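Trainee: coords please:
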Amino acid sequence: MPPGDSVGEQVVGSYRVGMRQIVPIWILFFINLFNYIDRYIVSGTLDLLLKDFDLTFSQGGLLTTIFIVSYMILSPVFGFLGDRYNRSWLIALGLIIWAASTFMCSFAQTYWQLLVLRGIVGVGEASYAALAPPIIADLIPTAQRTFYLSFFFIGTPVGGALGYIIGGGISDRWGWRWAFRVSPPVVTLLAIATLFLVPNPERGGADNTNTSVQLTRSQEIRAGQNPVVQLFVETWALLKTKSYLFTTLGFSCLAFTVGSLTQWIPVYVVHASDMAGTPYTNSEANYIFGILTCVAGFVAIPLGSVVSKFLERYTMKADALINAAGMLVSAVTLYIAIAMAPYNILTFWVFAMITQIAAFIGWAPNTAIILYTTPALMRSLAQAVNILFSHLLGDAISPTIQGELSDRIKEAFRDFDISISTSVALEYSFFLSCFVCVLGSVFYLIAAENVIEDRAKAADTVVSRRPTIQSRSRQSSVLNATGFLRDEYDSDQEDTRPLIEPREPGIQARPAI
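Mentor: You can find the predicted model right below:
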C-alpha cells in the first residue's frame with residue numbers, strides 16, 4: 001500500500017515530474033545551500049572574532065542568536081504573505097537584502113555593527129525558509145514529496161559544512177572579513193534566477209484532492225477579513241493540532257542541540273585537543289567538523305527518506321517515530337563524544353558524526369509532517385510558525401545559553417579557588433543538550449500518537465477565503481470542529497457556509513465559492 005492510502009491519497013496518474021519542477025527545486029536547493037554557508041561562516045570564524053573584538057563566550061554566541069531571532073520573527077510574516085502573494089517575488093526580495101547585509105558585515109568596525117548586520121541577514125532566511133518547502137509541496141505529488149524535500153534539505157548540512165571550511169580556511173589565510181564576501185555575488189544571481197525560473201504554483205495543485213485553493217488578495221479585502229487578526233487566529237488553529245504542536249516542540253529540541261554543536265564544537269575541539277595531546281588549529285577543527293557534517297548530511301537525509309518510505313508500509317506514524325529514535329540516539333552518542341574528547345579526539349570525531357547522522361535523519365520526515373497535517377492553503381504559514389517556535393525555543397537561544405553557562409561554570413569553580421580550563425567548562429555545558437535530545441524524543445512520540453488522525457483531517461479539508469456580497473456588521477473568527485479556521489457570519493448574509501468544509505471519504509471536496 002503506497003504511503004497515504006489510509007488518508008485517501010494516491011499518486012495522480014497524469015501528474016508527471018519534469019524539468020518545470022526540477023529546475024525550480026535545484027534553484028531552491030542552492031539557495032538553501034548558500035544560506036547555511038553564510039550562517040555558519042560565523043562559526044568558522046568565531047575564534048578569530050572573539051580575539052579581534054575581545055568578546056566573551058556569551059557575546060560570541062549572541063552573533064548567531066541575533067541572526068536566528070531576526071529570521072524567526074520575520075518567518076511568520078513571510079509565511080502569511082506567502083499564502084496570499086507571489087512566493088517567488090518574496091523569496092527574491094529577501095535574497096537581495098541578505099546579499100547586501102552579508103557583504104556589509106565584512107566592513108564592520110565594531111562588535112555592535114556586526115551584530116546589527118547579522119540581524120538584518122536573517123531577512124533572507126525568513127523569506128525562503130517559510131516559502132520554499134510549500135512551493136516544493138505544490139510542485140511535487142504527495143507520494144514523491146519526501147524524496148524531493150530530502151534533496152532540498154541536503155543543502156542544510158552540506159552548506160553548514162562548507163561554512164565551517166570556507167570560514168576557517170579563508171579567515172586563517174586572508175582574515176575573517178573575506179569570509180563574508182564569498183556568498184553575496186552568488187546569492188544575487190540566485191535572486192535573479194528565482195524571479196525568472198521559480199514559479200508560484202497553484203496551492204495544493206500537486207495534491208491528490210483535485211481541488212483548487214488559490215487565493216487572491218482582492219477576495220480577502222472584499223470579505224472584510226482583518227489580516228492581523230487572521231494571522232493570529234490561523235496560528236492558534238495550527239497549534240491546536242496536536243501532531244503539529246508536538247512535532248514543532250520536538251524540532252525545537254533538535255534545533256537547540258544543533259545550534260549548540262555548530263557554534264561551540266570547533267572551539268571545544270581546539271581546547272580539548274590540547275588536553276588529549278593532539279592539538280588542532282582553528283582551521284583544522286573547522287575543516288574536520290565541516291567534512292564530517294557534510295558526510296553525515298549526505299548519508300542521513302536521503303536515508304531518512306528511504307526509511308520513511310519503507311516504514312510507512314507498516315505504520316503511518318513512521319515519520320514521527322524516525323525523529324523520536326534519532327533524537328534518543330543523539331542524546332547517547334553526544335554524551336559519549338563530549339566525555340571522550342579530552343582523552344581521545346579520534347573517538348570524539350566518530351561519535352560526533354554518529355550524533356549528526358541521528359539528528360539529520362529526521363529532517364525531511366519532520367517537514368513532511370508539517371505539510372501533510374495542515375491544509376494546502378495554510379502550508380506557508382504552517383512552515384513559518386514551525387520555524388518561529390523551533391528557533392525561539394531552539395538555536396536562537398542555545399548558543400548564548402551554552403556560552404553563558406560555560407562562563408558561569410568557570411566562575412562557580414573560581415569561587416571555590418578551583419581553576420578549570422575552557423575545555424572543561426564547555427564540556428559540562430554540552431551535557432544540557434543531551435537532556436534536550438531526550439525531551440525531543442518524548443515530544444515526537446506524543447506527535448506519533450496523533451499524526452494519523454490529524455493527517456486524515458487535513459487531507460479531507462478544503463480551506464477557502466471567499467468574498468461575500470452583502471456587508472458585514474459583525475465578524476468573528478472561530479475554530480470549527482476540524483481545528484482550523486472558519487468565519488461566523490450574521491444571519492443576514494447570503495453565504496453562511498464554513499470556510500473549511502470536511503468532505504466525506506471518497507468524495508471530491510467542493511471548495512466554497
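
Trainee: How many residues are close by Phe310?
Mentor: Taking other CB atoms under 10 Å as the neighbour definition, Phe310 ends up with a count of 11. The way it works is simple: take the backbone N, C-alpha and C, and place the C-beta from them, glycine included.

Trainee: mind checking how far it is from Leu321?
Mentor: With distances defined as CB to CB, to the nearest Å, the gap from Phe310 to Leu321 amounts to 12 Å.

Trainee: do Ile120 as well
Mentor: If you measure Ile120 against Leu321 using CB to CB, the figure is 39 Å.

Trainee: Repeat that for Trp236.
Mentor: Here the criterion is CB to CB. By it, Trp236 lies 28 Å from Leu321.

Trainee: again with Ala129
Mentor: Here the distance between Ala129 and Leu321 works out to 25 Å (CB to CB).

Trainee: more neighbours, the two?
Mentor: Neighbours per residue (other CB under 10 Å) separate Ala129 from Leu321, with Ala129 holding more: 26 against 20.

Trainee: wait, what's in contact with the more buried one?
Mentor: By CB atoms under 8 Å, 6 or more residues apart in numbering, Ala129 lies in contact with 35, 71, 75, 383-384, 387.

Trainee: burial of the closest residue to Ile41 other than its chain neighbours, as a residue count?
Mentor: Leaving aside its chain neighbours, Ile41 sits nearest to Gly167 (4.4 Å; criterion: CB to CB, 6 or more residues apart in numbering). For Gly167, the number of neighbouring residues by other CB under 10 Å comes to 30.

Trainee: The one 5 residues further on too?
Mentor: Burial of Asp172 is recorded as 20 neighbouring residues (other CB under 10 Å).

Trainee: Hmm, Tyr287 and it touching each other?
Mentor: No. In this structure Asp172 lies outside contact range of Tyr287 using CB atoms under 8 Å: 9.8 Å.

Trainee: least confident pick among the contacts of Ala129?
Mentor: Across the contacts of Ala129, the member with the lowest pLDDT is Tyr71, scoring 77.

Trainee: element containing that residue, please.
Mentor: Secondary-structure element containing Tyr71, defined by DSSP states H and E: helix 57-82.

Trainee: what separates that helix from the chain centre, distance-wise?
Mentor: In this view, helix 57-82 has its centroid 12 Å away from the chain centroid, taken as CA atoms, centre = their mean, to the nearest Å.

Trainee: What helices and strands are in contact with it?
Mentor: Using 3 or more CB pairs under 8 Å, 6 or more residues apart in numbering; DSSP states H and E as the contact definition, the elements that helix 57-82 packs against are helix 19-52, helix 87-105, helix 111-129, helix 227-239, helix 242-276, helix 379-392, helix 398-415.

Trainee: May I see the ones you listed organised as a markdown table, with distance to Val299 added?
Mentor: Written out in a markdown table, the entries for the helices and strands packed on helix 57-82 read as follows (distance: least, CB to CB, whole Å):
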| stretch | distance to Val299 |
| --- | --- |
| helix 19-52 | 17 |
| helix 87-105 | 29 |
| helix 111-129 | 23 |
| helix 227-239 | 32 |
| helix 242-276 | 16 |
| helix 379-392 | 23 |
| helix 398-415 | 24 |
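
Trainee: buried stuff in stretch 439-453?
Mentor: 440-448, 450-452 (16 or more other CB atoms under 10 Å).

Trainee: Where does pLDDT dip in the chain?
Mentor: Low-confidence segments of the chain, defined by pLDDT under 70, span residues 1-17, 143, 203-227, 276, 415-421, 459-513.

Trainee: what residue lies at the spatial centre of it?
Mentor: By CA atoms, centre = their mean, the mean C-alpha position of the chain lies nearest to Ile387, the distance being 5.3 Å.

Trainee: in terms of contact, does that residue touch Leu131 like I think?
Mentor: No. At 10.6 Å, Ile387 does not count as touching Leu131 under the criterion of CB under 8 Å.

Trainee: Surely Ala300 and Ile354 touch.
Mentor: No. The pair formed by Ala300 and Ile354 falls short of the contact definition of CB under 8 Å, at 10.0 Å.

Trainee: quick one, which of these two is more surrounded?
Mentor: Ala300 (26 against 20).

Trainee: Now do the SS call for Pro199.
Mentor: Using DSSP: H, G, I helix; E, B strand; the rest coil, the structure places Pro199 in coil.

Trainee: hmm, back to that, any residues in contact with both of Ile387 and Leu131?
Mentor: Common contacts of Ile387 and Leu131 (CB under 8 Å, 6+ apart): Gly79.

Trainee: From Leu377, how far off is Pro76?
Mentor: From Pro76 over to Leu377 the distance is 16 Å, taken as CB to CB.

Trainee: residues near Thr194, how many?
Mentor: With neighbours defined by other CB under 10 Å, the count for Thr194 comes to 25.

Trainee: which stretch of helix or strand covers it?
Mentor: Using DSSP H and E, Thr194 falls in helix 183-197.

Trainee: who's in contact with that helix?
Mentor: The set of residues external to helix 183-197 that reach it, using CB under 8 Å, 6+ apart, is 23-24, 27, 30-31, 34, 37-38, 41, 88-89, 91-92, 95-96, 98-100, 102-103, 124.

Trainee: Can you say which of the residues you listed are buried?
Mentor: Buried among the contacts of helix 183-197 by 16+ other CB under 10 Å: 24, 27, 30-31, 34, 37-38, 41, 88, 91-92, 95-96, 98-100, 102-103, 124.

Trainee: Give me the neighbour count for the residue lying closest to Pro342 once chain neighbours are set aside.
Mentor: With CB to CB, 6+ apart as the criterion, Pro342 has its nearest non-adjacent residue at 4.2 Å, and that residue is Met275. When neighbours are defined as other CB under 10 Å, Met275 has 16 of them.

Trainee: Hmm, Met275 is touching Ile345, no?
Mentor: No. Counting by CB under 8 Å, Met275 stays clear of Ile345, with 9.2 Å between them.

Trainee: Can you list the buried residues in stretch 167-178?
Mentor: Residues of stretch 167-178 classed as buried under the neighbour-count rule (16+ other CB under 10 Å) are 167-172, 176-177.

Trainee: typed the wrong thing, it's stretch 293-312
Mentor: Counting neighbours by 16+ other CB under 10 Å, one finds that the buried residues in stretch 293-312 are 293-305, 307-309, 311-312.

Trainee: Likewise for stretch 270-281?
Mentor: Along stretch 270-281, the positions that meet the burial threshold by neighbour count (16+ other CB under 10 Å) are 270-276, 280.

Trainee: which one among the residues you listed gets closest to Ala337?
Mentor: Nearest to Ala337 among those: Ala272, at 10.4 Å, using CB to CB.

Trainee: List the contacts of that closest one.
Mentor: Residues 341-342, 345, 348, 423, 426-427 are the ones in contact with Ala272 under the rule CB under 8 Å, 6+ apart.

Trainee: For those residues, which two are the farthest from each other?
Mentor: Greatest spatial distance in the contacts of Ala272: Ile345 and Leu426, 14.3 Å, computed using CB to CB.

Trainee: More neighbours: those two, which one.
Mentor: Taking neighbours as other CB under 10 Å, Ile345 and Leu426 compare with Leu426 leading, 26 against 21.
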